[in-house]
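1. I would like the atomic coordinates for the input below:
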Amino acid sequence: MLILKIFLITLSYLPLSKSLASLDSILSIGNSEKRSLGVSDKSLSNPLSTVKTDFSKRITNGTPSSISEFPYAVSILVDLGSVEVHCSGSLITPNLVLSSAICFWDLNFQKEAKISQIYVKLGSNQIIKKKNSTYKVAKLVRHPKASIFNPFNNLALLFLDKKVPSDVALPADVYTGNITEGLKTRTCGWGVTSRDIKISNDQVYSPTLNYIDINISSPEKCKKFIEYYEQEPEDFICSLNINNQGICIGDIGGPLSTIENGVSKLVGVISTIGMQLGNSKELLLSDIACGKEGDGALYMNVNQFSDWIEEETKKFGSEFPTINTNNEIKKSVAPKSLKLNKINFLNFAIYFLLVKAIVLFL
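-> Residues are numbered from 1 along each chain as shown. This is a model prediction of the structure:
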């Protein structure tokens with residue numbers, strides 16, 4: 001039981017397609033079962049050039065968007081051989097993408113994925129179908145405090161092997177204003193738009209970029225997700241779902257943005273998805289859905305990590321993104337005395353493991 005509990009915590013912040021690949025040794029999932037769950041064994045001759053089948057699902061109940069509103073939106077694929085990990089990101093300089101550190105582990109969760117396994121695509125709201133605009137990564141830098149055991153400091157920098165032309169994509173300016181409850185924000189992504197989670201081989205991504213409006217909530221309202229991990233509230237942002245809309249697996253690393261003076265600016269990076277298990281002992285995969293009322297998400301506040309971003313861009317010799325680090329700006333909607341412990345933000349891997357655990361330990 002102890003091993004199982006530790007493993008649950010380890011998996012709670014990983015994209016599902018990645019998490020399931022490591023379940024064989026713990027839950028004895030055979031190859032035939034893996035294939036029935038949608039994990040492809042095919043090698044990728046040209047990742048991102050065509051629609052791929054995996055568990056990654058994105059914006060739930062979203063609205064079609066123009067790339068002009070999110071000219072910095074990035075689709076990321078990590079080809080680990082037997083598993084494809086789909087994440088999102090934001091272009092913040094012509095050759096620098098900001099995403100989530102949790103997207104870039106190898107299958108053993110012990111070291112970084114190889115940069116040769118990472119593919120970055122951007123520049124069109126039809127990005128899944130577009131065959132061009134795929135970029136390779138020259139250097140991957142995860143935040144030094146990033147961990148698979150918690151969702152904080154969950155950031156990674158992807159330095160591209162060449163600059164992205166301005167007629168393909170435009171870097172995001174970072175929002176430096178007050179982040180308060182009720183701030184109007186949006187997030188975007190490509191992928192399955194259905195609210196229902198159907199684990200199958202026939203998932204089809206949306207051909208267009210979709211967005212949803214996100215309502216920023218105070219950390220106090222997100223307390224139901226939090227128990228053990230200590231973190232200052234200004235380092236992260238949280239939201240609760242409304243109108244059956246929310247982010248989903250595959251959106252991790254993507255942008256949280258707001259409009260300031262008519263310009264879309266980057267506020268946060270999606271770190272993890274918050275779901276409530278409830279008190280039911282009979283947990284079924286058919287009950288799982290994205291966008292449920294009461295569930296939510298956690299984001300890293302980009303402006304709070306500006307010093308780290310600047311330090312790493314200088315090391316690489318890249319230009320520094322547009323961030324105005326004004327120390328007088330209010331950092332949080334909650335007092336610093338508030339201590340928020342342990343994020344219970346659970347992704348679908350935990351649901352899957354719990355269902356299996358019920359079978360194993362009955």
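2. check contacts around Ile115.
-> Counting by C-beta atoms under 8 Å, 6 or more residues apart in numbering, Ile115 makes contact with 136-140. Every residue, glycine included, has its C-beta placed from N, CA and C.
3. Throw together a ChimeraX command that grabs the buried residues out of the residues you listed.
-> Buried residues among the contacts of Ile115 (16 or more other C-beta atoms under 10 Å), as a ChimeraX selection:
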select :137,139,140
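4. closest to Lys111 among the contacts of Ile115?
-> For these, the minimum distance to Lys111 (C-beta to C-beta) is 11.2 Å, reached by Leu140.
5. that closest one sits in which helix or strand?
-> In the assignment (DSSP states H and E), Leu140 maps to strand 134-142.
6. now, which of the contacts of Ile115 sits nearest Ile216?
-> Leu140 (29.5 Å).
7. where is the longest strand in the chain?
-> strand 263-274 (DSSP state E).
8. thought Val269 was touching Tyr299?
-> Yes - the criterion here is C-beta atoms under 8 Å, and Val269 meets it with Tyr299 at 6.1 Å.
9. what's the overlap in contacts for those two?
-> Leu256.
10. give me the distance between the two termini of stretch 161-177.
-> Start and end residues of stretch 161-177 are separated by 32 Å (C-alpha to C-alpha, to the nearest Å).
11. Tyr299 should be in a strand, yeah?
-> Yes - membership of Tyr299 in a strand is supported by DSSP: H, G, I helix; E, B strand; the rest coil.
12. ok, it - contacts?
-> By C-beta under 8 Å, 6+ apart, the residues touching Tyr299 are 236-239, 256, 267-271.
13. neighbours around Lys114, how many?
-> 14 (other C-beta atoms under 10 Å).
14. from Ser68, how far out is it?
-> As judged by C-beta to C-beta, to the nearest Å, Lys114 and Ser68 stand 34 Å apart.
15. and Val85, by the same measure?
-> 28 Å.
16. of these two, who's got more company?
-> Ranked by neighbour count (other C-beta under 10 Å), Val85 and Ser68 place Val85 first, with 29 against 9.
17. three-state assignment of the more buried one?
-> Under three-state DSSP, the three-state class of Val85 is strand.
18. identify the bridge partners of it.
-> With DSSP bridges applied, Val85 shows beta-bridge pairing to Val78.
19. ditto for Ser147
-> On the basis of DSSP bridges, Ser147 takes part in beta bridges with Asn150.
20. neighbours of it, how many?
-> The number of residues near Ser147, taken as other C-beta under 10 Å, comes to 16.
21. now render the contacts of Tyr299 as CSV, adding pLDDT.
-> Output for these, formatted as CSV (pLDDT from 0 to 100):
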residue, pLDDT
Phe236, 84
Ile237, 90
Cys238, 87
Ser239, 88
Leu256, 95
Val267, 96
Gly268, 96
Val269, 95
Ile270, 91
Ser271, 90
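22. would a markdown table of those with neighbour count be doable?
-> As requested, the contacts of Tyr299 are exported to a markdown table (neighbours: other C-beta atoms under 10 Å):
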| residue | neighbour count |
| --- | --- |
| Phe236 | 26 |
| Ile237 | 29 |
| Cys238 | 28 |
| Ser239 | 27 |
| Leu256 | 28 |
| Val267 | 28 |
| Gly268 | 30 |
| Val269 | 28 |
| Ile270 | 28 |
| Ser271 | 28 |
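23. what's the closest of these to Arg186?
-> Nearest member of the contacts of Tyr299 to Arg186, counting by C-beta to C-beta, is Leu256, at 7.6 Å.
24. what is the nearest of the contacts of Tyr299 to Leu122?
-> Closest to Leu122 out of these is Val269 (15.5 Å), distances taken as C-beta to C-beta.
25. now that closest one: how far from Cys103?
-> Using C-beta to C-beta, Val269 is found at 11 Å from Cys103.
26. overlap in contacts, these two.
-> Counting by C-beta under 8 Å, 6+ apart, the residues touching both Val269 and Cys103 are Gly253.
27. what's the nearest residue to Leu91 if we skip its chain neighbours?
-> Distance criterion C-beta to C-beta, 6 or more residues apart in numbering; nearest residue to Leu91, sequence neighbours excluded, is Tyr72 at 4.2 Å.
28. meant to ask about Leu140, not that
-> The spatial neighbour of Leu140 that comes closest, neighbours along the chain excluded (C-beta to C-beta, 6+ apart), is Ile115 at 5.3 Å.
29. and the pLDDT for the one you found?
-> Looking at Ile115, its pLDDT reads 95.
30. may I have the phi/psi pair for it?
-> phi -60, psi -20 (degrees, to the nearest 10).
31. now do the one 4 residues further on
-> Tyr119 adopts backbone torsions of phi -120, psi 130, taken as degrees, to the nearest 10.
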